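S.K.: Have a look; sequence and predicted model below, questions after that.
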Amino acid sequence: MIFPFIFLTAYLSFSIFTSVKISQSITLSRSQKAINILINFLAPVLWYYLISPIIFPKDKIITRDDREKMIAEERGSRMENGVGSSTHTGLPRN
């Protein structure tokens, strides 16, 4: 429970710090500052939601039957036009 709190505190602290630096910029217009501050807060959140299914998969456990089925499908997908399958006889079709 403490890790999310620490992470959230660090994220907010860094975002607030960079937002203050953006707002103090003299080279950006008011609308550019607003857009940059919004991106500053939203970009890490969007990246988390894009990457979290890869980092924290919901289906970590796979059964032997599922694994063997996946392997069989993978091997079957490599065979083109039935070559190598048990139904291919090598004889021309009529």
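M.R.: Nice, thanks for sending it over. Numbers count the residues shown, from 1 in each chain.
S.K.: pLDDT wise, what is Pro92 at?
M.R.: On the pLDDT scale, Pro92 is placed at 59.
S.K.: Now do the buried residues in the helix with the most length in the chain.
M.R.: Identified as the longest helix of the chain according to DSSP state H is helix 30-55. Residues 33, 36-37, 40 are the ones in helix 30-55 that count as buried (16 or more other Cβ atoms under 10 Å). Backbone N, C-alpha and C define where each C-beta goes, glycine included.
S.K.: Which elements pack onto whatever helix or strand comes next after that helix?
M.R.: Counting by DSSP states H and E, the next helix or strand C-terminal to helix 30-55 is helix 64-78. Counting contacts by 3 or more Cβ pairs under 8 Å, 6 or more residues apart in numbering; DSSP states H and E, helix 64-78 packs against no other helix or strand.
S.K.: Let's test this: mean pLDDT of helix 64-78, rounded?
M.R.: Mean predicted confidence for helix 64-78 is 82.
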